[in-house]
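Colleague: make a model of this:
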Amino acid sequence: EPVDHSVSLLRLAAWQSARAGLARELLHPLTMRRLPAESVVRALLDHVGDALAGSGDLHRAREAVDLLLRRGNGARVQRELMERTGSLRDVVAECVRHTQG
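Modeller: Numbers count the residues shown, from 1 in each chain. Model prediction:
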């Protein structure tokens, strides 16, 4: 069953996840309490697990989540590059290389 949270609370959760990425706390999809990102991502995967299994995508989704939690996502890479170089130009160039490569 889908959760019954207000649209404003769901928007807050989306904003927080976009801002924090996988490096910080996120809002748990059922309790809407702040928890470490890994716990929240795994809880979301558990929540939709039956639907993913039904479509044959559960194994692929688990592998993708494991990879993201190990390596981080593109936002983390971009932030680290910005911290290292201080150059938005370098960040954009890396994004272009990544999407075209």
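Colleague: and stretch 85-97, what's its mean pLDDT?
Modeller: Mean per-residue pLDDT for stretch 85-97: 94.
Colleague: quick one: contacts of that stretch?
Modeller: With contact meaning CB atoms under 8 Å, 6 or more residues apart in numbering, stretch 85-97 is reached by 74, 77-78, 81-82. C-beta here means a position set from N, CA and C on the backbone, and glycine is covered the same way.
Colleague: possible to save those as TSV with neighbour count, pLDDT and secondary structure?
Modeller: Formatted as TSV, the contacts of stretch 85-97 follow (neighbours: other CB atoms under 10 Å; pLDDT from 0 to 100; DSSP: H, G, I helix; E, B strand; the rest coil):
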residue	neighbour count	pLDDT	secondary structure
G74	13	82	helix
V77	15	84	helix
Q78	18	89	helix
L81	18	93	helix
M82	14	95	helix
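Colleague: now for L69: which residues touch it?
Modeller: Contacts of L69 (CB under 8 Å, 6+ apart): 22, 37-38, 41.
Colleague: what subset of the residues you listed is buried?
Modeller: 22, 37, 41 (16 or more other CB atoms under 10 Å).
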